[in-house]
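Trainee: compute the structure for the input listed below.
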Amino acid sequence: MTAQPTLLLVLDLAGTFVFALDGAVTALRVTRLDIVGAITLGMVTAIGGGIIRDLLIGAVPPATFSDWRYLAVATAGGLIAFGQGRWLQRLTLPITVLDAAGLSLFAVTGASKALDYGLGAIQAVILGAITGVGGGTMRDVLIRRIPAVLHRGLYAIPAIIGAGITVAAVRGGVFGPISAVAAAAVCFLVRMLGVRYDLNAPGPPRAPR
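Mentor: Okay, here's the model as predicted:
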């Protein structure tokens, strides 16, 4: 194993909770949902990226279905978002912070788990990013919105950076609680800088007039 199982489990469950909360609140902002819809979209946001990752690396059944804690934590996040939806929807910055935190945690755990299954460095970085952005992308598709990762702010790039640092730490033999938190912190900081200064990934060149 490339990292301590307990560390990865804690990071994974923390990311699952914050993404479920953020996913349900985001969905409630865009469309009117009942309790089933809110919990469902919260769970999709929280576990979608991890399921995609596990299927791609052959970790079946995915951890979401083999460990009841993932579904329980995701359900709790969706329930809290539904119950406190009106209050939470007014808290734009805290929700953005939660989203950035979930992205950061999943980028780290996704890359580390990919390495555990024998994938190369580049593949692990890609799967770390997919773990971070996959659930939100699935949620946006379900509510008929262009996925944020495709058009808004720095989103995939911070996930790639966090996953890259994780891979470097693992390959350097220094991966542990401190380096995992550091990788997540860098991802979080880059994401929040993108939000603060309205930074975006390069777009297509404008047509000449």
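Trainee: mind giving me the packing neighbours of the lowest-mean-pLDDT helix or strand in the chain?
Mentor: Least confident helix or strand, the chain: helix 85-88 with a mean of 72, by mean pLDDT, DSSP states H and E. Packing contacts for helix 85-88, counted by 3 or more C-beta pairs under 8 Å, 6 or more residues apart in numbering; DSSP states H and E, involve helix 5-30. For the C-beta atoms, the positions are set from N, CA and C on the backbone; glycine is no exception.
Trainee: what do you get if the cut-off is 6 Å, keeping everything else the same?
Mentor: Helices and strands touching helix 85-88, by 3 or more C-beta pairs under 6 Å, 6 or more residues apart in numbering; DSSP states H and E: there are none.
Trainee: assign a three-state SS to Asn200, would you?
Mentor: At Asn200 the chain is in coil, as set by DSSP: H, G, I helix; E, B strand; the rest coil.
Trainee: per-residue confidence at it?
Mentor: We have a pLDDT of 78 for Asn200.
Trainee: before we move on, what about the one 3 residues further on?
Mentor: We note a pLDDT of 70 for Gly203 in this prediction.
Trainee: burial check on it, number of neighbours?
Mentor: Other residues near Gly203 come to 7 when the count uses other C-beta atoms under 10 Å.
Trainee: list the contacts for it?
Mentor: Residues near Gly203 by C-beta atoms under 6 Å, 6 or more residues apart in numbering: none.
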